[in-house]
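Chemist: could you work out the structure for the sequence below:
(one chain, ligands or ions: 2)
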Amino acid sequence: MAPSSYGLSRQTQIYLSGLQGQRPRFPVDVEQLEQAAHAAMSPEARGYLSGMTESMQNNRAAFERWHIIPRMLRDVSERDLSISLFGKQYPTPLLLAPIGVQSIVHTDGEAGVARAAAAVGIPLIFSTASTIPLEHMAEAMGDAPRWFQLYWSKDADFNASILARAEQAGCEALVVTLDTYLLAWRAQDIQNAYLPFLLGQGLGNYLSDPAFRRALPRPPEEDPQAAINYFLQIFTNPSLTWNDLTWLRNHTRLPILLKGILHPDDAQKALDAGIDGLIVSNHGGRQVAGAIASLDALPPIAQVVNGQIPLVLDSGIRRAADVIKALALGAQAVLIGRPYMWGLALGGEEGVKEVLMNFLADLDLTLALSGYRSWTEVCADTLTRA
Ligand SMILES: Cc1cc2nc3c(=O)[nH]c(=O)nc-3n(C[C@H](O)[C@H](O)[C@H](O)COP(=O)(O)O)c2cc1C
Ligand SMILES: CCCCCCC(=O)C(=O)O
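Modeler: Ligands and ions are numbered 1, 2, ... in the order given. The predicted structure follows:
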């Protein structure tokens, strides 16, 4: 399908099926989608996926403070939604955020998400904390684009090994998540006594890793508890500093993006360290309660970065208008997180596909109806602040 027909063809198809008595299987409206997905999940999975609701409200409020000013009579009959990042062409500015332990919401888990992402043409970022090994996700995707997200552990051999595996599996960029060096005070999960990793879930990349296995007293198949304990011991490393980035650069040839940057001074440090891209993110409001909304953090960071490296934004992207706002304020791309997990919870692989196809259709129509043919035309003048 040509990018410029995402919106109209999808919309027509849904209207026509509706006239024939066939309503969409999953809610089209994103708030209703969230509600339906929450109703379908166990209280533990729901609590884990939601995280801190007040921080997410902060992210949403930031998007709601900006409004698009549509422009008229600009011939938007042909549209090009593609972008270029690190010398590669991607069909739209959307990527799927790395999300760990996806099997807690549906048995299709990461393999289902990988197949859906490949079918729809949205690049997927594999999480270090995935249920299954990254090689299985890569296999499910064929040649479709994928990146890898690293949780930088205390075990240097494991880090080196997983980076090599990610390159081998065709990942095109490395996302290093900086904001989860400790797990935050997550009241719902503590109340539910629920952390999937303590049950051995989300360890697919660790249990399959030769360096991780070498560090264990006995194979995880014989002593699963020892593997969980070792994972908990090495999973994060709060002692990392900016100086450690040199190690990373020496262990990968992929472009490196830092995820979790919110302060312009940190953006400057990343530039000084020769980092290739930044992900402006408050981790979907899951880490620091009361943290600045990602969208509010973006303009001062964009000012410092001044186009030298790409900026990606996540946390609170729920509909096409949010993407336009993020790009107008300086991002080149965005990550979608929970919305695809809601699709997964409701319908497995098919649910994810449906949510993503609706998102793309909305994106194409909203870009056109705002008066633009491509992302290069979206700029500060696109928006007004309420
Ligand atoms: C259940 C869950 C698990 C997550 N796991 C990871 C992860 O393994 N690695 C990572 O870098 N970020 C992780 N994140 C954060 C996402 O990558 C992303 O920053 C966030 O979900 C974006 O916000 P959104 O959900 O509002 O779109 C996780 C988020 C959720 C909701
Ligand atoms: C002890 C493992 C924590 C994994 C964190 C996954 C994540 O990013 C999140 O829950 O948020």
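Chemist: what residues does the stretch 201-350 of the chain put near ligand 1?
Modeler: With CB under 6 Å from any ligand atom as the criterion, the stretch 201-350 of the chain meets ligand 1 at residues 259, 281, 283-284, 286, 314-317, 335-338. Quick note: C-beta positions are derived from backbone N, CA and C, even for glycine.
Chemist: below-threshold pLDDT in the stretch 51-200 of the chain: ranges please.
Modeler: The stretch 51-200 of the chain contains no residues with pLDDT under 70.
Chemist: can you map out the strands along it?
Modeler: 66-68, 83-85, 88-90, 94-96, 124-126, 146-150, 174-177 (DSSP state E, counting those that start in this stretch).
Chemist: in TSV: these, plus distance to Leu216 and mean neighbour count.
Modeler: Converted to TSV, the strands of the stretch 51-200 of the chain look like this (distance: least, CB to CB, whole Å; neighbours: other CB atoms under 10 Å):
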stretch	distance to Leu216	mean neighbour count
strand 66-68	50	17
strand 83-85	38	17
strand 88-90	37	13
strand 94-96	31	25
strand 124-126	23	28
strand 146-150	21	25
strand 174-177	24	24
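Chemist: same list, these, but as CSV with distance to Asp276 please.
Modeler: Formatted as CSV, those follow (distance: least, CB to CB, whole Å):
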stretch, distance to Asp276
strand 66-68, 28
strand 83-85, 10
strand 88-90, 12
strand 94-96, 15
strand 124-126, 15
strand 146-150, 12
strand 174-177, 9
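Chemist: now render the ones you listed as CSV, adding distance to ligand 2.
Modeler: Listed next are the strands of the stretch 51-200 of the chain as CSV, based on distance: least, CB to the nearest ligand atom, whole Å:
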stretch, distance to ligand 2
strand 66-68, 26
strand 83-85, 23
strand 88-90, 24
strand 94-96, 14
strand 124-126, 12
strand 146-150, 9
strand 174-177, 7
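Chemist: out of these, nearest to Arg385?
Modeler: strand 66-68 (5.8 Å; CB to CB).
Chemist: for the closest one, packing partners?
Modeler: helix 320-328, strand 383-385 (3 or more CB pairs under 8 Å, 6 or more residues apart in numbering; DSSP states H and E).
Chemist: and these, which is most packed in?
Modeler: Mean neighbours per residue, mean count of other CB atoms under 10 Å, is largest over those for helix 320-328, with a mean of 24.
Chemist: mind listing residues that contact it?
Modeler: 63, 66, 68, 93-94, 295, 298, 313, 316-317, 334, 359, 362-363, 365-367, 370, 375, 378-380, 382-383 (CB atoms under 8 Å, 6 or more residues apart in numbering).
Chemist: hang on, the earlier thing: of the residues of the stretch 201-350 of the chain next to ligand 1, closest to ligand 2?
Modeler: Ranked by distance to ligand 2 (CB to the nearest ligand atom), those are led by Arg286 at 4.5 Å.
Chemist: how near is the closest one to Glu222?
Modeler: Distance, Arg286 to Glu222, by CB to CB, to the nearest Å: 34 Å.
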